[in-house]
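Novice: Structure of the sequence below:
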Amino acid sequence: MSRFFHLLNLIFILYILNIPPSENVDRNNFKTCEQSAFCRRQRKYKPDISPYEVDLRSMKTIRSGHLQFILHNTLKSPIKFQLDIFTLEHNSLRVKINEKNPIRKRYEVEHALVGEPKLVDVKLTNLDGKQVEGSFSKSAKFLLNAKPFRLDLFTNGIFVMSVNSKNMFNFEHYRTKPGTNESTGENNTEDNEDGMWEETFKTHQDSKPYGPSSIGVDVNFLNFENVYGIPEHADAFSLRSTHDTDPYRLFNLDIFEYDIQNPMALYGSVPYMLAHNEHATVGFFWLNAAEGWIDVNNDKLTVQGFFSTIASFFSTKPTADKNEVPQVSTHWMFESGIFDGFFFLGPTPRDIFKQYSVITGSVPLPPLWAIAYHQCRWNYNDEDDVRSVLNGFEKNVIPLDVIWLDIEHTHGKRYFTWDTQKFPNPEKLQDDIARYGRKLVTISDPHIKKDDAYQVYADAKALGYFVKTKDGADYEGSCWPGASMWLDYFNPDIFQWYSQRYSLENYKGSTGNLFIWNDMNEPSVFNGPEVTFPKDIIHYGGWEDRDVHNLYGMLQHMSTFQGLYNRSNGHIRPFILTRSFFAGSQRTAAVWTGDNAAQWSYLKIATPMLLSLSVTGFGFSGADVGGFFSNPDAKLLVRWYQAAAFQPFYREHAHIDTARREPWLFGPDNTRLIRKAIEQRYNYLPYWYTLFYKQEKQGIPPMLPLWANFPKDKNVFKTEDLFMVGNGLLVCPITEADTNQVSIYFPGENTIWYDTRTLIQYNGSETVLINVDMESIPVFQQGGVIIPKRLRRRRSSMLALHDPITLVVALDRNHEAKGELYMDDGYTYDYKHKRQMIYRRFIFRNNELHSKTLDFTGKFETDAWIERILIFGYPKNPKKVIINSGDKQAIPLHHYHAESQMLTIRRPGPLVASDWTLTIT
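Specialist: Below is the predicted model of the structure:
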C-alpha cells in the first residue's frame, strides 16, 4: 500500500511539473534568455560608443590600496555611480560599481567571502586626465580609461583582460514607475519596456515592485582561446561559444534528469571564469547571487588603431597580414545587485588557485572516511535492508565507509525524525555500523512539512521563521511532503536555530556517527515558477529572492555544518553533501552533479563537469556512480566504478524506481571488477588524503585539468577526456561501450609516464594508441613523482589508519623523484588545534631516497611504517640497499625486474614519522 501511495505522489509531482516520467527534463518549464526580460534587454544592448565616463578629477584615496571615482552615464546626466578600485594581495584586483544615491539600497552579497580582502599599496602614474595607471603586488597593473569607461589589466607586462572594451557596460539604476505619483519626470519610453515592472512565465507572475535593476558588462580575455568555469552546467570544460545558443545561465534550479551539452542552469552557481594560455592563467569572479546569464564568443581583436599605450603588451604579436590576436569575449548579465568584480592575475595556474581560495576559502580537510567509498540509494527500506547491504559488503570482501538513507527513512518526510516501523532503533543501527569504522549519512532537505503535530514546523511557525510572500504571509509551496514551508536562513537567529536541530538532544535517534546530506535546496518548489521560489518573495532584511536566490542552499548547508560542528564542541570534522551551492560553499560541504542517468553520455560528461567544479574551488565533488536514473548494464556500471575511483567524491546512488545495483548483483566476474576498482581507491587513500591537505593549505584541487600541471602544452588546453589526480596520476576514463583501444596524448616535454598496471613507459608530447580491457582503465604515473599507498585489505579506511605505507617512486629522465605524505587521526581537528599530524617530504636523487619532515611542529603518534618501496624506471640491478634511520641501519631485501625496470625493496622498516635515508649502490 505504501508503494501505491508513493507512486500516486510521484505521478502528482510529475503532473505539476509537466515532466513525462520516462524522459529528460522538459525545457519548456525553464526560461530561455528571450523569456527573461532583463537578459533580453541586456543581450540586445550594443551601443557603438559607451555612454559611461569616469571623472578622474573626482579620484579619492580612501586608504592605501583603495581608490574611489565618480562614474557618469552621459545619457542620463543626473545618475551617478561610485567606482571603487581595491588593489589586493596575491596579484588580485577588486572593482565595485554601485549607484551613488540610489532610491533603494542594492544588495551586496554576504557569506561568500572568508573575510575582508587584504589591501596592498598601489603606485599611480600617467595621470594625464585621460587615464590612470596603477601598479601593485608582484607583477600586476591596471589602466583605467576615462572616456569612455574602460579597464585594462596586465600581468607580468602582458595585456590579459579588458572590461567594457565592447561598450556593453549597462547599469540599470533604480527608478520610479512611470505614471506613479513618485515619478520624477525623468522616465521615457525605455523606462517602461515590456517586462521591466512585471513579468509572467507560464502561469506565474513576478510583480517586480522595484522595476529594472540589472547590470551587464563585457569582460574580454586578450590573446586567449579557452575559458573555463562558471559551473554548474552539463557542458564542455572549455566553454563553447554561445553565438548560436542561449547564454550560460546561473540560477540554482532543480533540474530533473538534465540534458547534456547544454548551457541551461543546474543546481549550483559560481560566477567565476578562468582563462588559460601558454603565457598566463587569469580569472574573473563577479560576486553576485542573482540570476545571471553569460555569453561566450571566440573572436579576433584587431590591434591596429588600438590604444598605443597598451598595443605593445600582447604576449603573442599579431600576424603582419591580419594584424589580429585571438580573444574570448564574454558578456555577463545579472538581474540585480551591484558590480563587485575580482580580477585574478595569476600568472600561473597555482597562483590562480591560491588567489581565488584566499577570497572565497579553500576546501577544509575532510574526514578520511569521507573520501573513501559511499553506498546510497533512494531508499534502503529499513534496518534489516541496511544490515543486509552491509553483510553483502562483508560476504563479498568489498571495502565500504559510508551507507546513506534517503527521504523514506523519515516519518512522512518530516526531517529530524525516523519512520519507527522501519527504523525502530536507529541508535543501535548506527552503533552496529560503527563497529567496522563505518558511518551513516541521512538526508535533511530544507522544505518543512506543514503539520502542526510536527515539532519542527510548529516551533518555526510560532517563531515566525518561514520565508514570507510579498504580502507578508508565510510562503507555502509543494515538495516531497506535500504542503511545505521554508526557513529563512538569512536571519541569523533562524540560521542558529536550524543548526541546533542537529544536536543529539533535538535530533532524536542520531549519534555522533551520523552525518548529513542537504538535497533539494535550490530550493526545489514543485509548484513554483521554474520549480523554485517566486522572485518576489521576501527574505530577512527585506531582500527579494531575486537578489539572493543563489545563496539559499549555501546558507542551509552552512547552518548544517555549524550544527554538526557544535554537536562535538568543535572536536570532530563535519561532513555535509549539498546539491545547491554558491561561491564559498566549498568551505562547508562537498557537492555532486545531481540527477544524472545510467547512460554512457552521462559517464562521459562527468569529467568536464567535475573539472569545471575543481578549477572554481570545488575540489570535493563527484558524480553518482552508475547514474541516478535508469538501470545501467554491467559494463557501464563497471566502467563508472573504475572512473569514479579517481574522482574526489566516490558514491553510488540510484533512484527509487531503479533495480537494485549493489556491487555483487551483476555476476561474479563483474563483482570482482567492481571490488578491484573500489580497492584501488583505498590503495591510493594516503595520496588522496595528502592532496586534500594541500588543497586546504594552497587551494590546489586534487582533480586537475592537464593544463594545470603542463601550462605551456597547447595540446591539452581543451582536453576533457583525461584528467590528473595531483601531479602524479594521469587518468583516462573509458566512456564508450566495447572500447578496446584509446588514443592518449602524454603531456609535457621530456616527461616519462609509467602505466601503473604494466609499467610500460611512454614519452611526453607523444600520442599513443593504448589497448584496454575490462580489468581497468588506463592510469599512468608521472616520472618524477613519489606516491604513497596502502596495500593491505581492510573493511574501511579508518581501520587502515595505522597500516604500513608503500612508496611508489617513478623516476624521471634524471632518475629523480619527489613526493609527500600527510597523516593525522583522520577525523578530528586535533591536526589544527594540537598539531597532531605528520607531513613528510620524500626526495630521490643520486641513488638516495630521503624522508624529511615538512612541519616540525607536527607530532602524531602512529606505528605506521614503510613496508615496501617500488622504484619504476631504475636502470639496473643494484648490488646493495642500505637504510639508515637515526642510529639504526638495516639492509632490506630487494628484487629487480629487468624487463619492467622495477626495483622492489621489501620491508625497509623505518617508521613513517622518522627521518631516514635509503642508499642504493
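
Novice: who touches the residue nearest in space to the middle of the chain in this structure?
Specialist: Nearest to the geometric centre of the chain sits Phe618, at 2.4 Å (Cα atoms, centre = their mean). Residues near Phe618 by Cβ atoms under 8 Å, 6 or more residues apart in numbering: 231, 270, 363, 581, 585-586, 591, 701. Quick note: C-beta positions are derived from backbone N, CA and C, even for glycine.

Novice: at 6 Å what do you get?
Specialist: 586, 591 (Cβ atoms under 6 Å, 6 or more residues apart in numbering).

Novice: what residue ranges in the chain are flagged as low confidence?
Specialist: For the chain, applying pLDDT under 70 flags the ranges 1-23, 181-190, 304-322.

Novice: rerun at 50
Specialist: Residues of the chain that meet the criterion pLDDT under 50 lie in 1-22, 185, 308-309, 318, 320.

Novice: Would you mind splitting it into its domains for me?
Specialist: 38-177+194-230+270-360, 368-445+511-522+552-700, 732-920 (the TED database).

Novice: okay, how far is it across the second one, tip to tip?
Specialist: The one in question is domain 368-445+511-522+552-700. Using Cα to Cα, to the nearest Å, one end of domain 368-445+511-522+552-700 lies 18 Å from the other.

Novice: Just confirm Lys80 contacts Glu99, I think it does.
Specialist: No - with contact defined as Cβ atoms under 6 Å, Lys80 does not reach Glu99; the gap is 7.7 Å.

Novice: Using CSV, list the CA coordinates for stretch 874-889.
Specialist: The C-alpha trace of stretch 874-889 is given here as CSV (Å, rounded to 0.1, in the frame of the first residue of the first chain):
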residue,chain,number,x,y,z
TYR,A,874,65.5,2.0,-12.2
PRO,A,875,68.2,1.2,-14.9
LYS,A,876,69.9,-1.8,-13.3
ASN,A,877,70.0,-4.4,-10.6
PRO,A,878,71.8,-2.8,-7.6
LYS,A,879,74.4,-4.6,-5.5
LYS,A,880,73.1,-3.5,-2.1
VAL,A,881,70.5,-1.4,-0.5
ILE,A,882,71.1,0.2,2.9
ILE,A,883,68.7,2.2,5.0
ASN,A,884,69.7,4.5,7.9
SER,A,885,67.3,5.9,10.4
GLY,A,886,68.8,7.6,13.5
ASP,A,887,71.4,5.3,14.8
LYS,A,888,69.9,2.2,13.2
GLN,A,889,71.0,0.7,10.0
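
Novice: How far does stretch 217-232 sit from its chain's centre?
Specialist: Chain-centre distance of stretch 217-232: 17 Å, with Cα atoms, centre = their mean, to the nearest Å.

Novice: how about the strands of the stretch 451-600 of the chain, start to end?
Specialist: Taking DSSP state E, counting those that start in this stretch as the criterion, the stretch 451-600 of the chain carries its strands at 476-479, 482-486, 514-518, 538-539, 543-544, 576-578, 581-582, 590-592.

Novice: Please compute how far the fifth one lies from its chain's middle.
Specialist: Spelled out, it's strand 543-544. Chain-centre distance of strand 543-544: 26 Å, with Cα atoms, centre = their mean.

Novice: rewinding a little: of Lys80 and Glu99, who's got more company?
Specialist: Set side by side, Lys80 and Glu99 show more neighbours around Glu99, with 19 against 16, by other Cβ atoms under 10 Å.

Novice: what's across from the more buried one in the sheet?
Specialist: On the basis of DSSP bridges, Glu99 is bridged to Phe81.
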